[in-house]
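Asks: Here is my input; please provide its structure:
(chains A and B)
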Number of protein chains: 2
Amino acid sequence: MLENKDQAKTSLSQLGEFGLIDHLTKHFTINQESTLKSIGDDAAVLDFGTKKAVVSTDLLVEGVHFDLAYMPLRHLGYKAVVANLSDICAMNAKPTQITVSIAVSNRFPLEALEELFDGITMASKVYNVDVIGGDTTSSQKGLIISITAIGEANLDDIVYRNGAQVSDLLVVSGDIGAAYMGLQVLEREKQVFQVNPNNQPDLEPYTYLIERQLKPEARKDLKELFEKLEFKPTSMIDVSDGLSSEIMHLCKQSNVGCNIYEEKIPVDPQLINVCEEFNLDITTIALSGGEDYELLFTIKMEDYDKIKGNPNFTVIGHMTQASEGMHLVTRANTKIELKARGWNALSE
Amino acid sequence: MLENKDQAKTSLSQLGEFGLIDHLTKHFTINQESTLKSIGDDAAVLDFGTKKAVVSTDLLVEGVHFDLAYMPLRHLGYKAVVANLSDICAMNAKPTQITVSIAVSNRFPLEALEELFDGITMASKVYNVDVIGGDTTSSQKGLIISITAIGEANLDDIVYRNGAQVSDLLVVSGDIGAAYMGLQVLEREKQVFQVNPNNQPDLEPYTYLIERQLKPEARKDLKELFEKLEFKPTSMIDVSDGLSSEIMHLCKQSNVGCNIYEEKIPVDPQLINVCEEFNLDITTIALSGGEDYELLFTIKMEDYDKIKGNPNFTVIGHMTQASEGMHLVTRANTKIELKARGWNALSE
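Replies: Model prediction:
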């Protein structure tokens, strides 16, 4: 809500629920052949023929998952969609449709919801997914967003969390930790702003980190890349809660252990600089940060040559017998037990 | 939250998000052949073969859609599922799966969530639908429930809102208005309770109305009945927001008008008695009440003999040219314009 403070404001109650839904959804277009019926009926109808339908859902609550003081609504809408599509990508499926439900308190003018839906619409265009339904209602406090994403895949292409085998290599796409550090920068700026609203922050040294926090992308490209490189991950998950937490999910569901190597974890140079500035440990941030929306997956050892040197991928470790446990091997070559310190919505 | 005030309380933060999800979902079983993968991965996988997938979603907010002062959590869970399945039934599809996302503030102990999930589980068993995913997180205030329902249908069986033709008959299942009147009774009892907590209410004269409010059912049976009677509605919608509002949806989307007859609107004798007691107009309650979860549909005139005398159905009117408008013909035989006074979540 930082931008455009002087915009016109339209009360939601003037429009009514159906008017609001019409207003907010009129720009959605249908692009998927499989979308037989979209918004405007009791339910959406999807034709998957012999393809499998993949479904994922998320609930985002203001003050818990996002802070409108530094998250512009357009970005929030975009990110809410991306976070769900990332789950579909983590199944090695192609995202095809989403439903979007929102609840808002009366303090939100229509223009605020329009910004939110602009972001949702933008994401739906960038990722070529249809918005096929949803619900719009009021809340007692704040903004709540619930998105369900649907994707399609051939049964043979789908990758689960439970397929990792002993001696498989553990691989992560992109770099890790930047989104969380972007949040730290924005939190600090919010506090500076509260003390002195006239202060003009210089965010130049943090652009990459802030972009990773405010406008993350789902790795929809990787399914195609896997096909091109002619291999299929044995297990896969997206990095939303934090790298260590996701690694532990893969290990537990596949009934294996792992060794991951601190020196291998891919981080952006900007993250290194800012961790120094904030006096934070880079590895802790990378392991526990979350919201990276990169994909973490395992591959068979014999597929290593197919990803070797590929700038999209970094091998960070390998899977072991479950009895060996899950460990981080530090730069000093000491082995410490991996702990899930990922983001936990229910902790106090 | 009226029942079992002395139960043990477990803080949600003790469990953590994953612990809570494990705890709450461990009783869900998979019954649908089409559910290839359910909870425990990034997304659910559904196999619809040549069937079509039908998807609907709802967001329920405490203080807006329900009041825990008189809505026990077990009933709330049941009703939240039923409301979504009703949308699938309104497509003439068979409900097969649901996703359930909830956000709760820390004031809810684990036992409260267990009650909620008991109700959800009960509904999933009664209606034979799989709970295939969801999200559990915290809220700043109150309880928020988001459910997405998925169903399957042959393409030829699906009934949309936009298929009604001029001279089609308008039919409603069951009776109308009781759920809303049940809410009025409960609201009154809440106020009595606030004044004198020791007062023991006699709810005997209101049992049907209260049951329709606290434990509504979706008309999953009608799809089969339509098949048995060898006809298919030309358009259909479920009665969730109020009969007049739903009639107007059918008319607008089908581009027709209608005449409905006050004397034909099916109401339960208990509703008549209680409307007298509350000094409320029965027709107003029936037209504007909502939450009946009956199905409202149109049939071709030549199919009339197939439903004639069937206790499940009442013909309440017929469709006209759009230019003739939408009217209620009163008992006094005056024609008044139909207005949507249905429940509106965004009005102040």
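Asks: So which residues on the stretch 151-300 of chain A come close to chain B?
Replies: By CB under 8 Å from any CB of the partner chain, the residues of the stretch 151-300 of chain A that approach chain B are A:Gly151, A:Ala153, A:Leu155, A:Ile158, A:Tyr160, A:Arg161, A:Asn162, A:Ile237, A:Asp238, A:Gln253. All C-beta atoms are positioned from the backbone trio N, CA, C, and that covers glycine.
Asks: Narrow these to those in helices?
Replies: Of the positions in these, A:Gln253 sit in helices, assigned by DSSP state H.
Asks: Before we move on, what's the pLDDT of the nearest residue to A:Lys306 once chain neighbours are set aside?
Replies: Spatial nearest neighbour of A:Lys306, chain neighbours left out: A:Leu229 (4.6 Å); criterion: CB to CB, 6 or more residues apart in numbering or on different chains. On pLDDT, A:Leu229 comes in at 97.
Asks: Is A:Leu229 in contact with A:Asn310, as I believe?
Replies: Yes. The pair A:Leu229 / A:Asn310 is scored as a contact, 7.5 Å apart, by CB atoms under 8 Å.
Asks: circling back to that earlier point, what sits against the residue nearest to A:Lys306?
Replies: Contacts for A:Leu229 (CB atoms under 8 Å, 6 or more residues apart in numbering or on different chains) come out as A:Lys306, A:Ile307, A:Asn310.
Asks: One more: A:Phe66?
Replies: A:Leu60, A:Leu76, A:Lys79 are the contacts of A:Phe66 under CB under 8 Å, 6+ apart.
Asks: looking at these, which has the most residues close by?
Replies: When neighbours are counted by other CB atoms under 10 Å in any protein chain shown, A:Lys79 leads the contacts of A:Phe66 with 26 neighbours.
Asks: Phi and psi next, for that residue.
Replies: Backbone torsions for A:Lys79, taken as degrees, to the nearest 10, come to phi -70, psi -40.
Asks: if you skip the residues just before and after it, what's nearest to it?
Replies: Nearest non-adjacent residue to A:Lys79, counting by CB to CB, 6+ apart: A:Pro216, 6.0 Å away.
Asks: Contacts only, for that neighbour.
Replies: Contacts were defined as CB under 8 Å, 6+ apart; by that measure A:Pro216 touches A:Lys79, A:Val82, A:Ala83, A:Ala179, A:Glu291, A:Asp292, A:Tyr293.
Asks: Repeat that for A:Gln14.
Replies: A:Gln14 neighbours (CB under 8 Å, 6+ apart): none.
Asks: isn't A:Ala83 right next to A:Ser240, touching?
Replies: Yes. At 6.5 Å, A:Ala83 counts as touching A:Ser240 under the criterion of CB under 8 Å.
Asks: what do those two both touch?
Replies: Common neighbours of A:Ala83 and A:Ser240, using CB under 8 Å, 6+ apart, are A:Glu291, A:Tyr293.
Asks: List the ones among the contacts of A:Pro216 that fall in helices.
Replies: A:Lys79, A:Val82, A:Ala83, A:Ala179.
Asks: just to revisit the earlier point, the residue nearest to A:Lys306 and chain B, how far apart?
Replies: For A:Leu229, the distance to chain B (CB to the nearest CB, to the nearest Å) stands at 22 Å.
Asks: Could you pull up phi and psi at that residue?
Replies: The phi/psi pair for A:Leu229 (degrees, to the nearest 10) reads phi -80, psi 0.
Asks: Also A:Val256?
Replies: Main-chain torsions, A:Val256, degrees, to the nearest 10: phi -130, psi 170.
Asks: Which pLDDT value goes with it?
Replies: You'll see A:Val256 listed with a pLDDT of 98.
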